[in-house]
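Undergrad: Please work out how this folds:
(chains A and B)
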Amino acid sequence: MIELEMRNVTLGYDHHPVLEDISLKASPGEMVGLIGPNGSGKSTVIKALSHVINPRSGKILVDGRNIARIPRRELACLVGVVPQLPLLPSTVTAFEIVLMGRNPHLGLFQSESYRDWAIARQAMEQTGTEPLANRRVNELSGGEIQCLLIARVLVQETQAILLDEPTANLDIGRQVEVLDLIKNLCRENKLTVLAALHDLNLAAQYCDRLLLINEGHIHVQGTPAEVITDKNIKQVYGAENCVYTHPVNGLPTVLLGAHRNKPTGR
Amino acid sequence: MSSNPAAVEASGTYLSGRRMRIYSLLGLCAALIVVAAVATSIGSVKIPLLTTFRILLDKLPFVDISPTWPSTIATIVLEIRLPRVILAGLVGAALATAGATYQGLFRNPLADPYLIGVAQGASLGAVVGFLLPTAWNISGIGIIPLLAFIGALLATVIVYALARVGKTLPVTTLILSGVALSALLGSIVSYLIISSGEKMHGIIFWLMGSFSMSQWSEIKIVLPYVAVGTAVIIIFARLLNVMQLDEEQAQQLGVNVERLKLILLAAATLITAAAVSFVGTIGFVGIIIPHAVRLIWGADHRFLLPLSVLTGAIFMILADLVSRTVLSPTEIPIGVITAICGAPFFLYLLRRRKKAIF
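TA: The predicted model follows:
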C-alpha cells in the first residue's frame, strides 16, 4: 500500500509552466479522478508521478520517498502507467506487449519464467484480450490496444496505477468493464489509483474523489457532488446549466442541451 | 490459474517460435564452422577440402594427426587463409551486431553502424595515415589502423557531445548531428583524396574495404573489442525490446533509458571502430544483415542480436571468398561484393514476406 503525493509542485516544459504550485494526495484503496479541459495538464501530472519529467520546484513523494531518489526499476515495481494510446512497434504481438509488463521484475540476466507467462495470461483473461494474443499490434484497433495496456499494467503488479484517459477509445460496454475492473482492484487490493478522465459522467460514477484542474491550478477538489456543480462546470468549461442528479445513484450527471426543462433549485 | 485455450495457445506459439529460433542458432553455429573451413580450402592454390580439415583439426588441442601434407600447404592454410577468414567473420559479426543495435536503439530501419560518424571519422583518420610519411609507421600495427580507430571514436564523441541536451540524448538530434558531421568529414576526405597524388589508388581501395592484409596480430587486437562489445549488447537485449515501445513507456517499465543509450552506443561504436580500422569501411552488411534476420526470425532482440552475429560472420566470409576468387588473381573490393550479392537477396526476402518488418 503506497501513497502518492505532490507538494507545491510546479510542472512545465521549457519555459512554459503548465501547472503551478500544485499539491495533491492519493491514498491506498482510493480512486482519484483528474478532470479538466484539454491542455489543462492532466497528462503532465501523470508524467511527473511516473518520473518521466522532473518538477521545476516542489516535491513528489511515492510512499513518502522523494521520487527522484527511487531507481527506475524499483519505481516501476511501485507505480504502473497506462499511457494515452501510444504508437507501438508493429512487429510485436499482443502477448509480447503484455509480457513486457514483467520487465521491472526481471534482473539483467533473467528471462521470463513460466510464472511470468501465467501472470500475463491471467491479465489478458481479466481484460478480455486473450483472443488477441497472437495478433500483431498493428492489426488491432485503438480500443483493443487500450485493453492490452491495461493488461500490461496488471502484469506489472504495482501498488499504484496511473491511467491517462483509459476509456477514450472504448465503446460504452468496454468503458464500464474496464472501469469496473480497475475499481474492484482498487478496493480489494487497496491500490492507489489516479485516472485522468475526459468523461465527467464516468468520473463522477467511478471516482471517490475528483480534482478539477484549470489554468495551471487545482480549481476545486472533493467528492463528485462537490466538484461537478453547475457553477464549477460553467467556470471551467463554459457550459451552462448542465448538471443533473442521476435518477438511480444520486450522483451528479452532465447532460448537455436539456437546460430548458431543468427544474429550478439546483 | 487459467486454462483458457487461446491464452495457452498464445504462450504455446510464443514457445514454439522460441524453440525454432534456438534450433536456428545452433544450425547457424554449425554452418559458420563449415563455411569457414570450406572458405579456407578455396583459393589460388588448390588444397583439397579433406586436407584443409585435417590441418585445422591438427591444430585443435588433444587432436594429433600425422602430417601427410607439405609444410608450405600448412603455411598457406594457417598463416594466410585462416586469419583472413577469421577476420572477415569477426568484422561481419561486428558490423551486423552494431547495425542491429543502432536500428533498435534509434527505432529507425535506416540506421546503420556508420550513422553517427564512425565511418567518416575512420576514413579521415586512415587518409591522414596514408598521407603521413611512411617513417611514421609504428612496427606491428601500422599507423593507418591506429589513426582510423582514433578518428572513428573521436567523430562519435563529437557527435555525442553536440547532440546532448541537458542530461538527455534525444535520438533525432543524435542522428542529425551524425549526418551533419559525416558530411563535413566526408568532404574533407574527398579533398584529401583528390590532392593525394599517387597514393589515391591505395586510399580508395582502403575505403571500399579489403581483407587482403589480414594477419593473426590484427585478429588479436580486434577480437577483444568485438567479443566484449557484443556480449555487453546481448546482455541488454531484453531492455532493447522494451525500448521499442517508446522512451516514455520504457521508463515507466523500469528502464533507465539514458544509461541504456549510453552503454549501447559506446559498445556498438567500439566494435564498429575496431572492425573498420583494419579492413576499411565496408558498407551494406551493417544495415542489411539485421533486416534479413528480422525478416526471417522476427524482431526479438534476444534472438535478433546473436542471429545477426552468426549471419553477419557467414555472409562476410562468403563475400570475401567471392572477392578473392572470381577475378583471381585480381581482388574485387569487398564493399562491391557485399552490395552486389546482398542487395538482390535482401530484395527477394522483402518481396517474399510482405508483413511489416519494423
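
Undergrad: buried stuff in whichever strand or helix holds residue B:278?
TA: When elements are assigned from DSSP states H and E, residue B:278 belongs to helix B:257-279. Within helix B:257-279, the residues that count as buried by 16 or more other C-beta atoms under 10 Å in any protein chain shown are B:257, B:260-261, B:263-279. In this view, the C-beta of every residue, glycine as well, is placed from N, C-alpha and C.

Undergrad: Only C-alpha atoms, please: export it in PDB.
TA: Extracted in PDB, the C-alpha atoms of helix B:257-279 (Å, rounded to 0.1, in the frame of the first residue of the first chain):
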ATOM      1  CA  VAL B 257      16.700   4.900 -20.800                       C
ATOM      2  CA  GLU B 258      19.600   7.400 -20.800                       C
ATOM      3  CA  ARG B 259      22.000   5.000 -19.300                       C
ATOM      4  CA  LEU B 260      21.000   2.200 -21.700                       C
ATOM      5  CA  LYS B 261      21.500   4.500 -24.700                       C
ATOM      6  CA  LEU B 262      25.000   5.500 -23.400                       C
ATOM      7  CA  ILE B 263      26.100   1.800 -22.800                       C
ATOM      8  CA  LEU B 264      24.700   0.500 -26.100                       C
ATOM      9  CA  LEU B 265      26.100   3.500 -28.100                       C
ATOM     10  CA  ALA B 266      29.600   3.000 -26.600                       C
ATOM     11  CA  ALA B 267      29.600  -0.800 -27.200                       C
ATOM     12  CA  ALA B 268      28.300  -0.600 -30.700                       C
ATOM     13  CA  THR B 269      30.700   2.200 -31.600                       C
ATOM     14  CA  LEU B 270      33.700   0.400 -30.200                       C
ATOM     15  CA  ILE B 271      33.100  -2.800 -32.100                       C
ATOM     16  CA  THR B 272      32.400  -0.900 -35.300                       C
ATOM     17  CA  ALA B 273      35.600   1.200 -34.900                       C
ATOM     18  CA  ALA B 274      37.700  -1.800 -34.200                       C
ATOM     19  CA  ALA B 275      36.300  -3.700 -37.100                       C
ATOM     20  CA  VAL B 276      36.600  -0.900 -39.600                       C
ATOM     21  CA  SER B 277      40.100   0.200 -38.600                       C
ATOM     22  CA  PHE B 278      41.900  -2.700 -40.200                       C
ATOM     23  CA  VAL B 279      39.800  -3.500 -43.200                       C
END
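
Undergrad: mean confidence score for it?
TA: For helix B:257-279, the mean per-residue pLDDT is 94.

Undergrad: and the angle for the following helix or strand past it with helix B:257-279?
TA: The C-terminal neighbour of helix B:257-279 among helices and strands, as given by DSSP H and E, is helix B:285-297. On the basis of axes from the mean of the first three to the mean of the last three C-alpha atoms, to 10 degrees, helix B:285-297 is oriented at 120 degrees to helix B:257-279.

Undergrad: by contact count, what packs against the helix or strand that comes right after helix B:285-297?
TA: As assigned by DSSP H and E, the chain's next helix or strand after helix B:285-297 is helix B:301-325. On a contact count with 3 or more C-beta pairs under 8 Å, 6 or more residues apart in numbering or on different chains; DSSP states H and E, helix B:301-325 meets helix B:5-41, helix B:82-106, helix B:216-235, helix B:237-243, helix B:285-297, helix B:334-352.
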